[in-house]
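> Next comes the sequence, and after it the predicted model I'd like to discuss.
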Amino acid sequence: MNDNNRVEFQEVWTATYAMYRQRVSDSMLDLAFGALAPYSIEDVRKGITAHIRNPDTGHFPPKPADVIKHVSGNSQSAGGEAWAKVDRAIRCVGNYRSVVFDDPRIHAAIERLGGWQKVSLTEEKEYQFLRNSFLKLFQGFTIQPPEAYPRKLIGTCEHENSTRDSFRRGRPNDEPVMIGNPERARLVYQGGGELGIAQISQSGTQQYLESAIDSTIQRIGKSA
C-alpha cells in the first residue's frame, strides 16, 4: 500500500474494529498501516476477512500479525514458498536477465546476500548455505518489513551495459523478468528504489555533511 490507500485502509480497519465494538485511535491506525504497508489493500482485505472467519481467533479483533499470517502464512511456510521462487528463477532465468519478484522481502534478502548476480551464480556446494541465509533474512523481514529495497534485481547484461556505450550484451532493451504474481511484482517495482538500502552518494557530500553539524551536538569521544 501507499499513501493513496490510507483513506481506504482507515475505513476498512475502523469498520473491522467496529464489528468488535471497539474504536481505533489515530496512532493505532498509523501503526497498523505501517506494519501492513508492504501488502496491497486487496491483500489486507482478504487477510481481515480470513481472520474474521477463523473460528479459533475470529472472536478477537485482528492485529497486523494476524492479517500477515493469513496473507503470507507463517514466516517458515512463507519463506519456503519465497525460496522456491528464487530457486526456480536461478535455474530457469539465470544471472543474465534482471528480475522482479512479487515480494519486497525477497528483494531485500537478495540485496543483502550480495545481489542477484552473486546469488544466481552460487556454486552447488554453497547452495544449502545460501538457502539457509536467505530464509533467516526473509523471516526477519516478515517480522520487520524492509524500509528500503531495490525495485529490480540487476542481472549481468544490464549491469555491464550500464557501464559501456558501444557493445551491448543481450538483446536490445531487454526487460526484467517478473517472477510470481504479475500484479504484485508491479507493486514491488513501483514501491522500490534504484539502489535499495545500499545507496552510495559521491557528489556534494562534504557540503551536506558539514551542513548537518549542530553546535549543540557533542563530538564522538568527548563526554557530555
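That came through fine. Residues are numbered from 1 along each chain as shown.

> Find the nearest non-adjacent residue to residue 51, please.
Nearest residue to residue 51, sequence neighbours excluded (CB to CB, 6 or more residues apart in numbering): residue 62, at 4.3 Å. Quick note: C-beta positions are derived from backbone N, CA and C, even for glycine.

> tell me which element the one you found is part of?
Assigned by DSSP states H and E, residue 62 belongs to no helix or strand.

> any idea how far it lies from residue 35?
11 Å (CB to CB, to the nearest Å).

> okay, the two: which has more neighbours?
residue 62 (25 against 16; other CB atoms under 10 Å).

> Residue ranges in this protein under the pLDDT threshold?
Where the chain drops to pLDDT under 70, the residues are 74-75, 164-173, 195-202, 212-224.

> switch to 90 and redo it
For the chain, the stretches with pLDDT under 90 are 1-3, 37-40, 43, 68-78, 139-147, 159-175, 193-224.

> what ranges do the strands span in it?
Using DSSP state E, the strands assigned to the chain run over residues 99-101, 177-179.

> can you put the ones you listed in TSV and add distance to residue 140?
Listed next are the strands of the chain as TSV, based on distance: least, CB to CB, whole Å:
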stretch	distance to residue 140
strand 99-101	17
strand 177-179	21
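
> so which of those gets nearest residue 28?
Residue 28 lies closest to strand 99-101 among the strands of the chain, at 31.0 Å (CB to CB).

> contacting residues around that closest one?
For strand 99-101, the external contacting residues (CB atoms under 8 Å, 6 or more residues apart in numbering) are 82, 85-86, 89, 93, 107, 116, 151-153, 155, 176-180, 185, 188-189.

> Please give me every residue in contact with the most centrally placed residue in the chain.
Geometric centre of the chain, nearest residue: residue 104, 2.3 Å, by CA atoms, centre = their mean. By CB under 8 Å, 6+ apart, the contact set of residue 104 is 38, 141, 145-146, 149, 188, 191-192.

> What about those residues, which are in helices?
Residues of the contacts of residue 104 located in helices (DSSP state H): 141, 188, 191.

> between these, which has the most around it?
Going by other CB under 10 Å, residue 188 tops these with 26 neighbours.
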